[in-house]
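In: build me a model from this:
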Amino acid sequence: MAVIVFVAGVISAALSAVSEMYGDEQAPLWQAVVYLVILSAPLAMRRVWPAPVAIIVAVAYFVAVTLHIPELYAGNIAMFISLYTVGAWMANRRAAMITRIAITAGMFVWLMFTMYRDVVSTAHEEDVIAGAMSPYLAYMMLQLMVNVLYFAGAYYFGEYAWRSAMQRQALEQRTADLERERELTAAQAVALDRVRIARELHDVVAHHVSVMGVQAGAARMVVDQDVARAKEILSGVESSAREAINELHHLLETLRSSGDEAEDAASTVSLADIPRLVDASNAAGLPTTFTLVGEQRAAPAVVEVNLFRIAQESLTNARRHAGADAAADVRLRYTDRAVELDVVNTGRLVLLPRPGLGQLGMRERALASGGGIESAPREQGGWRVRVHIPLADATALTGAPA
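Out: As a prediction, the model looks like this:
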């Protein structure tokens, strides 16, 4: 841009010198070349030092016009560019405003002084004082209007360019933030899915494998004395294996589905299946009773599935850790505003509880249902799990994936 302004200024100065625009008061052409170098060279650094460049260009322009150097057009263009650059690129907005206002005010003070000087020097001419407005005064007022539009345009377009750049920068920053948030959300979704899959696999596999292990051990112990009883126990192992395969099949369907299909596929068990769970626990060798307190009513699918899995995990833990003479009691209690599940088993005294994946999964299920859980050893031996889920809050979870 600096080179273009210089070349255009040289051509303009040559033509202006030939046309003798200042008459006898016109300065020599070599001064125009020096002036154009001083005028255009700073433009190469206008984005680095916008205010100093604007001041240098303005001073050079004022001096050139005062000395009648035969060049105006390149100077006007350089002045507009420098003022625009101050508004568009100067980070200190207060300094940018002061710089432009100072240059503009200086320009108009100089213009008014020049007008007054020319009017006084030509006041003796008859055509200057003839009529309501002399031609010279009309010409100077026209020049004043042109300069007002000139400086106002440079100021406005500079401000507009700065605001546009700031808005574009803010938009790019928001876009980058949204992209990072999207990546974080995707990573969180993957992590949540992995946790959910691990929890489901643990609940399904651990329960049925535990049952099959107990039943297989019982069959091995009685196979020599009571073949019929051994066959009956092995039939239970077969039934447990089929049930495990069925639940794994439903789990895989859930992982392959989305939306409403995933919710329907996931809702394979409910609170109505707890008696069947108790029967399976009895068949596996853990005497278990079931009690329903209150009037049973529908709960969100996610709540029913999670409560069933908590009961399933509690009975599995009782079979694995409570001992040979242990017994369990499952109570499902409905109140006006909540549903509660109590699973209590007798057995060994637990002195140092060891947290495991099962305990973590039960806690996650309780929290995902909008409730709380208490899981701790009993003083007289055994373990107790108590889950409390407010139904008023849980109804909001109806659309959540079970």
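In: could you list the domains of the chain?
Out: 2-179, 181-397 (automatic domain parsing).
In: save these as JSON lines, and put in mean pLDDT and mean neighbour count too.
Out: Backbone N, C-alpha and C define where each C-beta goes, glycine included. Formatted as JSON lines, the domains of the chain follow (pLDDT from 0 to 100; neighbours: other Cβ atoms under 10 Å):
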{"stretch": "domain 2-179", "mean pLDDT": "81", "mean neighbour count": "16"}
{"stretch": "domain 181-397", "mean pLDDT": "80", "mean neighbour count": "17"}
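In: all helices of the stretch 1-150 of the chain, in order?
Out: Counting by DSSP state H, counting those that start in this stretch, the stretch 1-150 of the chain has these helices, from start to end: 2-19, 29-40, 50-66, 73-89, 93-121, 126-129, 135-222.
In: what's the closest of these to Arg386?
Out: helix 135-222 (18.4 Å; Cβ to Cβ).
In: give me the distance from the next helix or strand after that closest one to the chain's centre.
Out: Going down the chain from helix 135-222, the next helix or strand is helix 227-256, by DSSP states H and E. A distance of 45 Å separates the centroid of the chain from that of helix 227-256, by Cα atoms, centre = their mean, to the nearest Å.
In: got it, and stretch 41-56?
Out: From the chain centre to the centre of stretch 41-56 is a distance of 40 Å (Cα atoms, centre = their mean).
In: what's the span of it from first residue to last?
Out: When the termini of stretch 41-56 are compared using Cα to Cα, to the nearest Å, they are 10 Å apart.
In: got a list of contacts for that stretch?
Out: Residues external to stretch 41-56 that are found in contact with it (Cβ atoms under 8 Å, 6 or more residues apart in numbering): 1-2, 5-6, 38, 57, 78, 81-83, 85-86, 89-90, 95-96, 99-100, 103.
In: in CSV: the helices of the stretch 1-150 of the chain, plus distance to Glu364.
Out: As requested, the helices of the stretch 1-150 of the chain are exported to CSV (distance: least, Cβ to Cβ, whole Å):
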stretch, distance to Glu364
helix 2-19, 67
helix 29-40, 71
helix 50-66, 59
helix 73-89, 55
helix 93-121, 53
helix 126-129, 95
helix 135-222, 6
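In: for Ser239, find the nearest of the ones you listed.
Out: Going by Cβ to Cβ, the one of those nearest Ser239 is helix 135-222, 9.3 Å.
In: which helices and strands does that closest one pack with?
Out: Applying 3 or more Cβ pairs under 8 Å, 6 or more residues apart in numbering; DSSP states H and E, we find helix 135-222 packed against helix 73-89, helix 93-121, helix 126-129, helix 227-256, helix 274-283, helix 301-321, helix 357-368.
In: so which of the ones you listed gets nearest Ala218?
Out: helix 227-256 (5.2 Å).
In: hmm, Asn345 and Trp383 touching each other?
Out: Yes - applying Cβ atoms under 8 Å as the test, Trp383 and Asn345 come out as touching, 5.7 Å apart.
In: who touches both of these two?
Out: 314, 318, 322.
In: which residue packs closest to Tyr84, ignoring adjacent ones?
Out: Leaving aside its sequence neighbours, Tyr84 sits nearest to Gly158 (Cβ to Cβ, 6 or more residues apart in numbering; 4.5 Å).
In: now do the contacts for that neighbour.
Out: 83-88, 96, 100.
In: distance to Arg174 added to those, as TSV?
Out: Below are these laid out as TSV (distance: Cβ to Cβ, whole Å):
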residue	distance to Arg174
Leu83	31
Tyr84	28
Thr85	27
Val86	28
Gly87	25
Ala88	22
Ala96	25
Arg100	30
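In: closest one of those to Glu25?
Out: Leu83 (28.1 Å).
In: contacts only, for the nearest residue to that closest one once chain neighbours are set aside.
Out: Once flanking residues are discounted, Leu83 sits nearest to Ala154: 3.8 Å by Cβ to Cβ, 6+ apart. By Cβ under 8 Å, 6+ apart, Ala154 lies in contact with 79-80, 83-84, 87, 100.
In: may I ask which two of those residues are separated the most?
Out: Longest span within the contacts of Ala154, Cβ to Cβ: Met79 and Gly87, 13.2 Å.
In: now do the contacts for the residue nearest to Glu364 when sequence neighbours are not counted.
Out: Spatial nearest neighbour of Glu364, chain neighbours left out: Arg199 (6.4 Å); criterion: Cβ to Cβ, 6+ apart. For Arg199, the contact set (Cβ under 8 Å, 6+ apart) comprises 309, 361, 364-365.
In: now do Arg199 against Val190, distance only.
Out: Arg199 is 15 Å from Val190, where distance means Cβ to Cβ, to the nearest Å.
In: how close does His388 get to Asp342?
Out: According to Cβ to Cβ, His388 stands 10 Å off from Asp342.
In: swap that for Met166, sorry
Out: Between Met166 and Asp342 the computed distance is 62 Å (Cβ to Cβ).
In: Trp383 now?
Out: For Trp383, the distance to Asp342 (Cβ to Cβ) stands at 11 Å.
In: also Phe108?
Out: Note on Phe108: its distance to Asp342, by Cβ to Cβ, is 89 Å.
In: next, give phi and psi for Thr291.
Out: Main-chain dihedrals, Thr291, degrees, to the nearest 10: phi -130, psi 130.
In: now do the one 4 residues further on
Out: Dihedral angles of Glu295 (phi, psi; degrees, to the nearest 10) stand at phi -90, psi 120.
In: surely it is in contact with Tyr334?
Out: Yes - shown here, Glu295 and Tyr334 form a contact pair, counting by Cβ under 8 Å, at 6.0 Å.
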